[in-house]
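Asker: I'll drop the sequence and a predicted model, then ask my questions.
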Amino acid sequence: MNSFIALLKVQLLSLFNINKAIHSKNEKIKTSLTYFLLFASFSTIILFLISFLYNGIIAYYFNKLDNMEFHLAFVSSVASIVSFFTTLYKVNGLVYCCQDYDFLMSSPINHSKIIISRIITIYTMNLLITSIIMIPGAIVYGVYTNTSFEFYLLFLLLMIIIPLVPISLSLI
């Protein structure tokens, strides 16, 4: 289990070359990592705001048609489609054709642990994308309707499950 957790940690840190920048002695690489993290944070905030805007517009028209329940289905399908194409684009490089694939397969680590750690890396990436799309959708839905606390718990469960289907389809 320790080799699996270490492998997963290395996979997640190497996703954006964070591991290389952390262990580098070169200050230029470390400052570029800082700028990258600032840019990524700013981009995530902008994407959240854009998602709020689009969800608000779509929810407004669904509310006019008295079909607010379709808003959740729409947000879930958009998150699934974006997750599917992101996974389809990234799965070849992360799971099958990575630079350390030959080295890891010849190591004494179980092959299933290597593949599962790479799939969990893709799942984490898709979970971030799904949350950027679905959290604003849930908040906008909660504003337009009178929702209970149980709705948000079930929505959180749905948000955790949604990236699994596109990942399995893309891996095929």
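Answerer: Arrived safely, thanks for sending. Residues are numbered from 1 along each chain as shown.
Asker: buried residues in the longest helix seen in the chain?
Answerer: Secondary structure of the chain read by DSSP state H shows that its longest helix is helix 27-64. By neighbour count with 16 or more other CB atoms under 10 Å, helix 27-64 contains the buried residues 33, 51, 54-55, 58-59, 62-63. From N, CA and C alone the C-beta is placed, and that goes for glycine too.
Asker: Quick check: the two most widely separated of these?
Answerer: L33 and N63 (43.7 Å; CB to CB).
Asker: Can you list the helices and strands that the longest helix of the chain packs against?
Answerer: Applying 3 or more CB pairs under 8 Å, 6 or more residues apart in numbering; DSSP states H and E, we find helix 27-64 packed against helix 18-22, helix 69-91, helix 111-144.
Asker: got the angle between it and helix 69-91?
Answerer: Here helix 27-64 runs at an angle of 150 degrees relative to helix 69-91 (axes from the mean of the first three to the mean of the last three CA atoms, to 10 degrees).
Asker: how about S24, phi and psi?
Answerer: phi -80, psi 150 (degrees, to the nearest 10).
Asker: List the contacts of it.
Answerer: Contacts for S24 (CB atoms under 8 Å, 6 or more residues apart in numbering) come out as K30.
Asker: Could you list the buried residues of the host helix or strand of M159?
Answerer: Per DSSP states H and E: M159 is located in helix 149-161. Of the residues in helix 149-161, 155, 158-159 count as buried by neighbour count, 16+ other CB under 10 Å.
Asker: Measure how far the following helix or strand past it is from the centre of its chain, please.
Answerer: Downstream of helix 149-161, the next assigned helix or strand under DSSP H and E is helix 164-171. Helix 164-171 has its average C-alpha position 13 Å from the chain's average C-alpha position, going by CA atoms, centre = their mean, to the nearest Å.
Asker: I'd like to know how many residues surround the nearest residue to L158 once chain neighbours are set aside.
Answerer: Using CB to CB, 6 or more residues apart in numbering and skipping residues adjacent in sequence, the residue nearest L158 is S76, 6.9 Å away. S76: 19 surrounding residues under other CB atoms under 10 Å.
Asker: Report the separation between S76 and N67.
Answerer: Per CB to CB, to the nearest Å, S76 is found 15 Å from N67.
Asker: Great, nothing more from me.
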